[in-house]
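# Any chance you could fold what I've pasted below:
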Amino acid sequence: MRPATAVTIVLALLLAWNWYDSRSQIDGLREEVARRLRDSDTDSRDARSVAKQVQEALREAQGRLAQLEAKLAESQSQQLALEALYQELSRSRDEWALAEIEQILTIASQQLQLAGNVQAALVALQTADARLARSDRPQFIPLRRVLARDIDRLRTTPSVDTVGIALKLDQAIAAADSLPLAFDQRMAGGRSESAPRDDGMWARLGAEIWGEVRGLVRIRNLDRVDAPLLPPSEAYFLRQNLKLRLLNARLALLERNETVFRADVQASTDWINRYFDARSKPAAATLGTLKQISGSGLRIEVPAVSESLAAVRSFKLTRERVTK
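Numbers count the residues shown, from 1 in each chain. Next up is the predicted model:
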């Protein structure tokens with residue numbers, strides 16, 4: 001065999017071996033690439049599945065976040081509404097309290113001006129101060145200071161027992177129907193003195209003759225005015241006029257009109273002394289009552305509560321300007 005042929009054969013074998021080795025490597029590479037592609041496809045599917053799960057979780061989280069934001073917005077709006085409602089209720093409660101106190105002070109001022117009722121006005125101011133104390137608001141402190149000054153002035157004001165005097169006048173009015181007339185009492189006394197005694201015929205005859213002789217001569221005391229003779233109808237009107245005088249005195253007492261009060265009490269006293277038996281127990285008791293109440297003084301300078309009333313009204317106007 002020629003050397004060239006041998007070299008050719010060797011080269012051919014080497015080429016064949018190289019081709020086979022390359023083919024084997026290529027096949028291995030193909031298998032590796034295919035395996036890796038399969039693995040990559042699996043990973044890609046897993047990644048897509050995970051990405052889908054993540055997307056679903058993200059959408060769910062976004063939905064929950066939207067719900068939470070909606071609930072938060074709703075709670076914030078409810079909180080704002082509650083705060084506005086509380087402020088409105090608080091403002092309405094203060095306004096209602098101020099209106100109530102203004103009404104109380106107005107009534108107290110009327111009691112002082114019309115009837116001079118210091119005790120009623122004092123109770124009204126104390127009620128207003130207690131109402132402000134229950135509110136427990138710092139802005140009411142200036143009002144309470146003004147009320148305290150007026151309360152102190154009312155406490156130091158002397159009071160008139162108007163109710164007690166009115167009750168005594170009512171007793172005098174009730175006793176007017178039971179007062180005995182002076183003329184009836186004198187006639188009853190005269191009849192009792194001239195009543196004949198059952199001492200025999202001659203004694204009765206002598207008594208009658210003596211009575212006729214006494215009737216011829218009448219002795220009158222010029223310093224004393226005899227009680228007028230009143231028929232029953234006029235006696236009724238006399239008692240009614242006496243009651244009217246006492247009722248007018250009671251009305252003047254409530255109006256704090258001392259001049260009219262004293263004039264009516266004095267006129268009632270004069271009528272009882274003139275037309276009724278002043279020595280009888282009912283008349284004496286009534287005269288004692290009238291004398292007692294005639295010494296009562298009605299002219300007392302009562303303080304006004306205009307300062308407290310003006311302070312409350314000024315405070316209300318200030319609040320209304322602020323809220324507008």
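
# And the helices in the stretch 51-200 of the chain?
For the stretch 51-200 of the chain, helices defined by DSSP state H, counting those that start in this stretch occupy the ranges 118-135, 141-155, 162-175, 182-193.

# Helices of the stretch 201-324 of the chain, start to end?
Using DSSP H, counting those that start in this stretch, helices in the stretch 201-324 of the chain cover 201-216, 232-254, 258-275, 281-294, 306-323.

# so which of those helices comes closest to Leu122?
Among these, the nearest to Leu122 by C-beta to C-beta is helix 306-323 (12.0 Å). Every C-beta, even on glycine, is put in place using the N, C-alpha and C of the backbone.

# Kindly reformat the helices of the stretch 51-200 of the chain as a markdown table containing mean neighbour count and distance to Asp264.
Below are these laid out as a markdown table (neighbours: other C-beta atoms under 10 Å; distance: least, C-beta to C-beta, whole Å):
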| stretch | mean neighbour count | distance to Asp264 |
| --- | --- | --- |
| helix 118-135 | 18 | 24 |
| helix 141-155 | 16 | 29 |
| helix 162-175 | 17 | 10 |
| helix 182-193 | 13 | 21 |
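
# still on that earlier bit, closest one to Arg153 among the helices of the stretch 201-324 of the chain?
Proximity to Arg153 (C-beta to C-beta) singles out helix 306-323 among the helices of the stretch 201-324 of the chain, at 9.4 Å.

# For that closest one, buried residues please.
Using 16 or more other C-beta atoms under 10 Å as the test for burial, helix 306-323 gives Ser308, Leu309, Ala311, Val312, Phe315, Lys316.

# Show me what that helix is packed up against.
When contacts are defined as 3 or more C-beta pairs under 8 Å, 6 or more residues apart in numbering; DSSP states H and E, helix 306-323 sits against helix 3-110, helix 141-155.

# Buried deepest among the ones you listed, which one?
Highest mean neighbour count of the helices and strands packed on helix 306-323: helix 141-155, a mean of 16 (counted as mean count of other C-beta atoms under 10 Å).

# related to what we said a few turns ago, go through the helices of the stretch 51-200 of the chain and find the least confident stretch.
Here the lowest mean pLDDT among these goes to helix 182-193, at a mean of 52.

# Quick one: low-confidence residue ranges for the stretch 1-150 of the chain.
1-2, 84-92, 115 (pLDDT under 70).

# gap between Ser178 and Ala263?
Using C-beta to C-beta, to the nearest Å, one gets 25 Å for the distance from Ser178 to Ala263.

# Of those two, which one has the most company?
Using other C-beta atoms under 10 Å as the criterion, Ser178 and Ala263 rank with Ala263 on top: 15 against 12.

# need the contact list for the more buried one.
Shown in contact with Ala263 (C-beta atoms under 8 Å, 6 or more residues apart in numbering): no residues.
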